[in-house]
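In: Got a predicted structure plus its sequence, pasted below:
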Amino acid sequence: MLTGIPILACWVSLVVYWNIGARSTKPTAEGQDWSGRLARMPIWLGYILLIVAWAYPFGIVAIRRTAVSGSLAVAICALGLLVCVWSRRTLGNEWSRDVELKQGHQLVERGPYALVRHPIYTGHLLMGLGTAIGSGRLVAFVGVALFFVGFWVKLRQEERLLVTRFPEDYPAYRARVRALVPYVL
């Protein structure tokens, strides 16, 4: 089964796009300190577990690898990539890797941000889920759980910062739009 090749292609495409896009952002007005960056640790551990699940398949099989599960895995991963790219393009030069405000920062509520407040995290979670389904290993699903924890912590940090910058607009936006899954979460 060739599930791994299109999934790997999705991740490589994301990394390339992210690094090219990182060159065209506004200067930082208010950055994140090193302790806030520690929130990324569960995310990085999640990446490591996803890679390990593919490179050295071991442990409990959670989902048997079939043509159907492989196709579903690739579709979910590709959907996640599309959500990430759409979200990043919509943010434009407001985007940053870290939790920070840009000079002249604007609150973006259009495109995927009209559906969820943190669609980039949603896209990464979808890519992780597709990768885990494709692997079929329980350890990969643990990686996705770590993704969720890390992105949830980062989401909370980001929202605290946005509430201070947009004290009236952001709480109204937060009341209207869910964080990660439209109409659910």
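Out: In hand now; what should we look at? Numbering: from 1, shown residues only.
In: Please make it C-alpha for all contacts and neighbour counts, starting now.
Out: Fine.
In: Tell me who's in contact with Cys77.
Out: Ile7, Cys10, Leu126, Met127, Gly128, Leu129, Gly130, Thr131 (Cα atoms under 8 Å, 6 or more residues apart in numbering).
In: what kind of secondary structure is it in?
Out: Secondary structure for Cys77, judged by DSSP: H, G, I helix; E, B strand; the rest coil, is helix.
In: Tell me how many other residues surround Tyr183.
Out: Residue neighbour count, defined by other Cα atoms under 10 Å, stands at 11 for Tyr183.
In: Nearest residue to it in space, please, no chain neighbours.
Out: Excluding the flanking residues, the one nearest Tyr183 by Cα to Cα, 6 or more residues apart in numbering is Val177, at 7.5 Å.
In: and the gap between that neighbour and Leu107?
Out: Using Cα to Cα, to the nearest Å, Val177 is found at 13 Å from Leu107.
In: Kindly report the same for Leu50.
Out: Counting by Cα to Cα, the gap from Leu50 to Leu107 is 33 Å.
In: on that earlier part again, check the contacts of Cys77 against Leu185 and report the nearest one.
Out: Nearest to Leu185 among the contacts of Cys77: Leu126, at 14.3 Å, using Cα to Cα.
In: Setting aside sequence neighbours, what's the nearest residue to that closest one?
Out: Closest to Leu126 by Cα to Cα, 6+ apart is Gly80, at 4.7 Å.
In: Check Cys77 too.
Out: Nearest one to Cys77, counting by Cα to Cα, 6+ apart, is Met127 at 4.0 Å.
In: is it true that that neighbour touches Ala78?
Out: Yes - at 7.0 Å, Met127 counts as touching Ala78 under the criterion of Cα atoms under 8 Å.
In: mind listing the helices for the protein?
Out: Ranges of helices in the chain, per DSSP state H, are 4-21, 34-37, 41-55, 67-91, 119-135, 138-165, 169-176.
In: Please identify which of these is closest to Val61.
Out: helix 138-165 (5.9 Å).
In: What is that closest one packed up against?
Out: helix 41-55, helix 119-135, helix 169-176 (3 or more Cα pairs under 8 Å, 6 or more residues apart in numbering; DSSP states H and E).
In: Next, the angle from that helix to helix 169-176.
Out: 140 degrees (axes from the mean of the first three to the mean of the last three Cα atoms, to 10 degrees).
In: what comes up buried for helix 138-165?
Out: 138-155, 157-159, 161-162 (16 or more other Cα atoms under 10 Å).
In: one step back: max pairwise distance over the contacts of Cys77: which two?
Out: Cys10 and Leu129 (12.7 Å).
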